[in-house]
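Visitor: I would like the atomic coordinates for the input below:
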Amino acid sequence: MDISDYKKYKEIYKKLMKSEFRAKFQLNNQNKEYIKNKGINKIQSHAFEFLNARIKPEFIKNDGKQTPMNGHPVFIAQHATATCCRGCIQKWHKFPKNKELTDEEVEYLVGLIMFWINIQMMD
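Guide: Presented below is the predicted three-dimensional model:
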């Protein structure tokens, strides 16, 4: 991540944390242990897998319900960062619904998820 990415993520993070709904998501000790055991690179790999399968496609049958609220640290991070469904992504990140996300858009979203996770791991 270069400095311009960091600045972008920091700005959107500040906005997201002003949302009562987004700010309530936190990693618990079990989530943090999972991340420590798997390693941050494996968690990032999971984030790419989840977004490519559940978020990237042009049409998502169950959009708005495809991301569980718990069960994996990435799922929690997706809700905290508004990367959980195409509606939230359109509202917060301005990537239009009903078109497949580009690889660059997925990379941006995964970067934001990992930015949030790394902040959580410092607590």
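Visitor: Next, the residues that contact the lengthiest helix in the chain from outside, please.
Guide: Criterion DSSP state H: the longest helix present in the chain is helix 103-122. Contacts to helix 103-122, defined as Cβ atoms under 8 Å, 6 or more residues apart in numbering, come from residues 1, 5-6, 9-10, 12-13, 26-27, 31-32, 35, 40, 43-44, 47-48, 51-52, 55-56, 73-74, 77-78, 80-81, 83, 89, 93, 95, 101. (C-beta placed from N, C-alpha, C; glycine too.)
Visitor: again, 6 Å this time
Guide: Residues from elsewhere that reach helix 103-122 (Cβ atoms under 6 Å, 6 or more residues apart in numbering): 9, 27, 44, 47-48, 51, 56, 77, 80-81, 83, 95.
Visitor: Pull the distance from that helix to the chain's centre.
Guide: From the chain centre to the centre of helix 103-122 is a distance of 6 Å (Cα atoms, centre = their mean, to the nearest Å).
Visitor: how about the CA coordinates for whichever strand or helix holds I35, as CSV?
Guide: I35 belongs to helix 29-38 when assigned by DSSP states H and E. Output in CSV follows, covering the C-alpha atoms of helix 29-38 (Å, rounded to 0.1, in the frame of the first residue of the first chain):
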residue,chain,number,x,y,z
ASN,A,29,-10.6,-12.1,20.7
GLN,A,30,-11.5,-15.3,18.9
ASN,A,31,-11.4,-13.4,15.5
LYS,A,32,-8.0,-12.0,16.4
GLU,A,33,-6.6,-15.4,17.4
TYR,A,34,-7.9,-16.8,14.1
ILE,A,35,-6.1,-14.0,12.2
LYS,A,36,-2.9,-14.6,14.2
ASN,A,37,-3.1,-18.4,13.6
LYS,A,38,-3.8,-18.1,9.9
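Visitor: any idea which helix or strand comes after it?
Guide: Next along the chain from helix 29-38, counting by DSSP H and E, comes helix 40-54.
Visitor: got the buried residues for that next one?
Guide: Of the residues in helix 40-54, 43-44, 46-48, 50-51, 54 count as buried by neighbour count, 16 or more other Cβ atoms under 10 Å.
Visitor: Nearest to S19 among the contacts of helix 103-122?
Guide: If you rank the contacts of helix 103-122 by distance to S19 using Cβ to Cβ, A80 comes first, at 9.3 Å.
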